[in-house]
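Undergrad: Need coordinates for the following:
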Amino acid sequence: MNKDAVVDAVASKTSQSKKVVGDIVDSVLEAVTRELQKGGKVSFTGFGIFQVSTRKGRVGINPRTKEKITIAPTKVPRFRAGKSLKEAVR
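TA: The predicted model follows:
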């Protein structure tokens with residue numbers, strides 16, 4: 001399912017236009033992105049938590065030259081599923 005399919009599903013369930021629902025979905029995604037950029041977390045009770053975690057730096061190997069390279073630490077978004085979502089999927 002992609003964003004367009006989500007917009008279609010929500011629009012049909014709420015009797016709102018696809019334009020309005022699309023704007024709302026875009027706004028929600030922008031709000032989540034802004035909060036994660038600030039280092040915060042976004043929690044949807046029962047659904048899950050979006051948060052930023054730091055991946056440690058490590059030593060890797062260049063597959064072409066077999067030379068060791070240093071991979072710098074980086075921040076990555078993470079999602080942890082909530083209890084209700086886990087139970088619904090089982």
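
Undergrad: Could you use CA atoms for every contact and neighbour count after this?
TA: Fine.

Undergrad: by contact count, what packs against the helix or strand residue 49 falls within?
TA: For residue 49, the host element (DSSP states H and E) is strand 48-55. With contacts defined as 3 or more C-alpha pairs under 8 Å, 6 or more residues apart in numbering; DSSP states H and E, the packing partners of strand 48-55 are helix 18-37, strand 42-44, strand 74-81.

Undergrad: ok, residue 36 - how many residues close by?
TA: Residues within reach of residue 36, counting by other C-alpha atoms under 10 Å, total 19.

Undergrad: you'd agree it is up against residue 77?
TA: Yes. Here residue 36 lies in contact with residue 77, judged by C-alpha atoms under 8 Å, at a distance of 7.5 Å.

Undergrad: Neighbours of residue 51, how many?
TA: 20.

Undergrad: Show me the domain layout of the protein.
TA: 1-38, 44-90 (automatic domain parsing).

Undergrad: Tell me which of those sits most buried.
TA: Across those, the average number of neighbours (mean count of other C-alpha atoms under 10 Å) peaks for domain 1-38, which reaches a mean of 13.

Undergrad: what residue of the protein is the furthest out?
TA: residue 65 (34.6 Å; C-alpha atoms, centre = their mean).

Undergrad: Ramachandran angles for it?
TA: phi -100, psi -10 (degrees, to the nearest 10).

Undergrad: Reformat the domains of the chain as JSON lines; add mean pLDDT.
TA: Supplementary listing: those in JSON lines, determined by pLDDT from 0 to 100:
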{"stretch": "domain 1-38", "mean pLDDT": "95"}
{"stretch": "domain 44-90", "mean pLDDT": "95"}
